[in-house]
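> next comes the sequence, and after it the predicted model I'd like to discuss.
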Amino acid sequence: MVGVVAETSTGKVRGVETSEDVISWRGLPYAAAPVGPLRLRPPVPAEPWSGVLDATAFRAPAAQVPVGLAASFGAIALGPKLPPPAEDCLFLNVTAPAGARGRPVLVWLHGGGYVTGSGTEMAGDGDVFARSHGLVVVTLNYRLGALGFLAVPGERPSGAFGLHDQAAALRWVRDNIAAFGGDPRQVTVYG
C-alpha cells in the first residue's frame, strides 16, 4: 500500500492506496471536536496541525444508540470495523482515483433518522464509485440524537447541530477538495 500526501487548509494528510489506482484519506477533521464548551454549539473550524496527519484509518462515528438496538429498528447495514462511537466525531473520508484532477465530487450523507449511522455505511469509503466512475467521493460523520438535534428552550442557538455539521463539511469540501483531485464547482450531495 502506497501513501499519498495532500495539503488541506489545516495541514498535510497522508492517505493510502486502498485498491489499484484508488487513494483514500480517512478520518479527516472537518471541524473541531464538539466537546466541552463546543458541545451543543454549531461547529467551528478544526485547529491547524504541523507535520503530516495519518489519515489511513477511519475515526469514531457519532455517539448513538447501541448497534444491536439500532439493528432491531431496521437501521441500514454497518460499514467497516470502526472505533467505538464518540462525541469527537466530526470527521470525513475522501476517496479518489489515483492522479485525479478536476473530477466531479459526490458527498454522501448517511441515513439513520438522525439517531444512527456513520459515513462508512453503504457507500463505504467510496472505493467502488471512485474506481468505476472516476469520481472523488466524500463520506462524513455528523452529530446524531440529542447531541446533534436537542432543542433547549431559552438556549441560542438550539437544535439542528447535525445539520450545521453537514454544512461545515460542505464548506470543507469547497475549500479543500481540489487537493484530492476534485472540482469544488462540481459537487453533488446524495444519501
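Alright, I've got the coordinates.
> all the helices of the chain, in order from the start?
67-72, 127-133, 145-149, 161-176 (DSSP state H).
> which of those is buried the deepest?
Greatest average neighbour count among the helices of the chain goes to helix 161-176 (a mean of 20), per mean count of other Cβ atoms under 10 Å. All C-beta spots, glycine's among them, are computed from the backbone N, C-alpha and C.
> packing partners for that one?
Taking 3 or more Cβ pairs under 8 Å, 6 or more residues apart in numbering; DSSP states H and E as the contact definition, the neighbouring helices and strands of helix 161-176 are strand 103-109, strand 136-140, helix 145-149, strand 182-190.
> out of these, the one nearest A55 is which?
Closest of the helices and strands packed on helix 161-176 to A55 is strand 136-140, at 12.9 Å (criterion: Cβ to Cβ).
> what's the spacing between that closest one and its chain's center?
Computed by Cα atoms, centre = their mean, to the nearest Å, the separation of strand 136-140 from the middle of its chain amounts to 7 Å.
> hmm, S19 is touching V128, no?
No: the pair S19 / V128 is not scored as a contact, 9.2 Å apart, by Cβ atoms under 8 Å.
> quick one on the thing from earlier: with distance to L92 and mean pLDDT added, can I get the helices and strands packed on helix 161-176 in a markdown table?
Putting these into a markdown table (distance: least, Cβ to Cβ, whole Å; pLDDT from 0 to 100) gives the following:
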| stretch | distance to L92 | mean pLDDT |
| --- | --- | --- |
| strand 103-109 | 9 | 97 |
| strand 136-140 | 4 | 97 |
| helix 145-149 | 16 | 95 |
| strand 182-190 | 12 | 97 |
